[in-house]
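Asks: A structural model of the following input is requested.
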Amino acid sequence: MYDFEARHIVEALRSGIPSRAVGRYFSDARPRIMKEISDRLDMAAEQEKSGGMVISGKYGEGKTHLLNTVFNLAHSNNMVVSFISLSKETPMDKLYLVYQKIIRNTYLPRRQQPGFMQELEKISANSPIANEMLLYAAKQLETDKLYYLFRSYLNTEDSDEKFLLQSDLEGDFISNAPLKKIYKRIFNQTVKYNVNFTKTKYCMDYFSFMSHLFTRMGYHGWVILIDETELMGRLGKKARLNAYRNMAHFLFPEKELESTFTLFALSASYTEDVIEGKHEYENLAAIYPDAQEPAKSVLDLLIKAPQLLPLTRDEINGVLYKIQEFHGRAYEWTPEVSPESLTEATQSGGYLLRTKIRAAIEFLDQLYQYGRAGKTTIDELGQETFTEDVPFLDELEQEENK
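Replies: Okay, here's the model as predicted:
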């Protein structure tokens, strides 16, 4: 019986589709940047110091793979992880849409599927964690809407109300009127907001509430991973500046977030294409002349973001060795191929890491199926020999069909 997990990893690498399983086993490359990220995770988990970081990289050089590696590292540290990609439907200038996407893609440690509401449902109305969360919602946030909402959620016995209130916590925000009606029915008391909640102004209250909730539930913190950050460049001028302001909540959270680390992945060309190409500093000075911070600090951070460099030869050889190992486990064979042969096979894959990986897998595929690929031939023992002629794939298929 073949190794299902190994087959999954090989097929994920072949297709180029990001996979957490790949991130789990291919985590040795780029030790310097991973050490920095690991230290930041430890600060969030052990010292309760929240913060954020931006990494940049060229297309195909492993940004998403690195995020998946961080995903696994965070889970091993008993931290909750949220993983999203920015898109037209999830633009960084509209934080309430980002919140909705994040909550729907939140994974508790040791869970393969997103979701945490099943844990929230275990909290009883008069438990210590419930009382602590209600006190936090009443005193520590900009608005007290979440106090009334969470108290109603804990005490309602009406399934429709429960669903409505849960949907709000997940980002499908309800208006003030139905919440007031529900609260009045349960407690026979009138809701008196200290500030009227609007999702466009006070959405960070929800992020703060969730970061506090996760630590109170016994997790060591919250890691938020945001991919495709360069899609901010497609927004309009003012929307981009608002997106930078929103990023500041995660990069410089001060006391807004508790034990939270946020990592943004950005295209290496963003500085040239957007910050310089669209004159972001000048735009900021023109539109917000008296309030350039914190957007200016975010722009400075984007420019200075550490870039993922191409892997060294030793790092690539390490990746190829693991690919060879997983290919053997996936298809139940022992490919005794020299590192030189496998490295040579990747030269046809161009300069991108993902295409080099795909070329290596195709090389192993041909050896497995036909016993030879390029100048390499595999004997019955799985050991390689060399031929002078270089057969093409269609020639191999014709020979196989004879």
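Asks: my guess is Ala243 meets Met92, correct?
Replies: Yes - between Ala243 and Met92 there is a contact under Cβ atoms under 8 Å: 3.8 Å. (Glycine included, C-beta is placed from N, CA and C.)
Asks: so what sits against both of those two?
Replies: Common neighbours of Ala243 and Met92, counting by Cβ atoms under 8 Å, 6 or more residues apart in numbering, are Met232, Leu235.
Asks: Next, the buried residues of the strand or helix carrying Arg354.
Replies: Secondary structure assignment for Arg354, by DSSP states H and E: helix 353-370. Residues of helix 353-370 classed as buried: 353-354, 356-368, 370 (neighbour count, 16 or more other Cβ atoms under 10 Å).
Asks: and Thr229, what does it touch?
Replies: So Thr229 contacts Val54, Leu86, Met92, Phe264, Ala265, Leu266, Ser267, Tyr270 (Cβ under 8 Å, 6+ apart).
Asks: let's see it at 6 Å
Replies: Leu86, Phe264, Leu266 (Cβ atoms under 6 Å, 6 or more residues apart in numbering).
Asks: same question, Ala360
Replies: Shown in contact with Ala360 (Cβ under 6 Å, 6+ apart): Leu320, Ile323, Leu342, Ala345, Thr346.
Asks: how far away is it from Met43?
Replies: According to Cβ to Cβ, to the nearest Å, Ala360 and Met43 sit 37 Å apart.
Asks: what residues does stretch 249-266 touch?
Replies: Applying Cβ under 6 Å, 6+ apart, the external contacts of stretch 249-266 come out as 40-41, 44, 48, 50, 52-56, 63, 67, 204, 208, 211-212, 215, 221-227, 229-230.
Asks: Start and end of that stretch, how far apart?
Replies: 17 Å (Cα to Cα, to the nearest Å).
Asks: same question, stretch 333-341
Replies: 18 Å.
Asks: Regarding Phe264, which helix or strand does it belong to?
Replies: Using DSSP H and E, Phe264 sits within strand 260-267.
Asks: how many neighbours does Pro91 have?
Replies: Counted with other Cβ atoms under 10 Å, residues neighbouring Pro91 total 20.
Asks: per-residue pLDDT, the closest residue to Ile323 other than its chain neighbours?
Replies: In this structure, Ile323 finds its nearest non-sequential neighbour in Ala360, 5.4 Å apart by Cβ to Cβ, 6 or more residues apart in numbering. You'll see Ala360 listed with a pLDDT of 86.
Asks: go on, the one 4 residues further on?
Replies: Reported pLDDT at Leu364 in the predicted model: 88.
Asks: my read: it touches His327, true?
Replies: Yes - between Leu364 and His327 there is a contact at 4.6 Å, judged by Cβ atoms under 6 Å.
Asks: where do the strands sit along the stretch 201-350 of the chain?
Replies: 222-227, 260-267 (DSSP state E, counting those that start in this stretch).
Asks: Mean neighbour count and distance to Leu164 added to the ones you listed, as TSV?
Replies: Formatted as TSV, these follow (neighbours: other Cβ atoms under 10 Å; distance: least, Cβ to Cβ, whole Å):
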stretch	mean neighbour count	distance to Leu164
strand 222-227	25	25
strand 260-267	25	27
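Asks: As TSV, the ones you listed with mean pLDDT and distance to Ser76 would be great.
Replies: TSV is the format used below for the strands of the stretch 201-350 of the chain (pLDDT from 0 to 100; distance: least, Cβ to Cβ, whole Å):
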stretch	mean pLDDT	distance to Ser76
strand 222-227	98	11
strand 260-267	97	14
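Asks: Please name whichever of those strands is nearest to Leu284.
Replies: strand 260-267 (18.0 Å; Cβ to Cβ).
Asks: Partner strands of the closest one, with direction?
Replies: Applying DSSP bridges to the sheet, strand 260-267 is found paired with strand 51-57 (parallel), strand 222-227 (parallel).
Asks: Give me the contacts around the last one.
Replies: Contacts to strand 222-227, defined as Cβ under 6 Å, 6+ apart, come from residues 64, 67, 74, 79-85, 211, 214, 260-265.
Asks: repeat that for 8 Å
Replies: So strand 222-227 is in contact with 41, 44, 63-64, 67, 70-71, 74, 79-86, 102, 210-211, 214-215, 250, 257-265, going by Cβ under 8 Å, 6+ apart.
Asks: Check the first one too.
Replies: Outside strand 51-57, the residues that touch it by Cβ under 8 Å, 6+ apart are 33, 36-37, 40, 43-44, 63, 66, 229, 247, 250-253, 261-268, 270, 301-302, 305-308.
Asks: chain center to it: distance?
Replies: Centroid displacement of strand 51-57 relative to its chain, using Cα atoms, centre = their mean, to the nearest Å, is 12 Å.
Asks: Quick check: next helix or strand after it?
Replies: helix 63-76.
Asks: Give the buried residues for that following helix.
Replies: 63-75.
Asks: Need the residues that contact that helix.
Replies: Here helix 63-76 has contacts from 18-20, 22-24, 26-27, 30, 33-34, 37-38, 41, 55-57, 80-81, 83, 107, 109-110, 223, 225, 227, 261, 263, 265-266, 308, using Cβ under 8 Å, 6+ apart.
Asks: Determine the set of other helices and strands touching whichever helix or strand comes after the strand holding Phe264.
Replies: Counting by DSSP H and E, the next helix or strand C-terminal to strand 260-267 is helix 270. Using 3 or more Cβ pairs under 8 Å, 6 or more residues apart in numbering; DSSP states H and E as the contact test, no helix or strand touches helix 270.
Asks: Can you give the distance of helix 270 from its chain's centre?
Replies: Centroid separation for helix 270 versus its chain: 19 Å, with Cα atoms, centre = their mean.
Asks: One more: stretch 302-310?
Replies: Worked out by Cα atoms, centre = their mean, stretch 302-310 lies 17 Å from the chain centre.
Asks: now do stretch 308-316
Replies: In this view, stretch 308-316 has its centroid 22 Å away from the chain centroid, taken as Cα atoms, centre = their mean.
Asks: quick one: terminal-to-terminal distance for it?
Replies: Stretch 308-316: ends 14 Å apart by Cα to Cα.
Asks: List the buried residues of that stretch.
Replies: Leu308, Leu311, Glu315, Ile316.
Asks: Show me the two of those that sit farthest apart.
Replies: Pairwise distances across the buried residues of stretch 308-316 peak at 13.7 Å for Leu308 and Ile316 (criterion: Cβ to Cβ).
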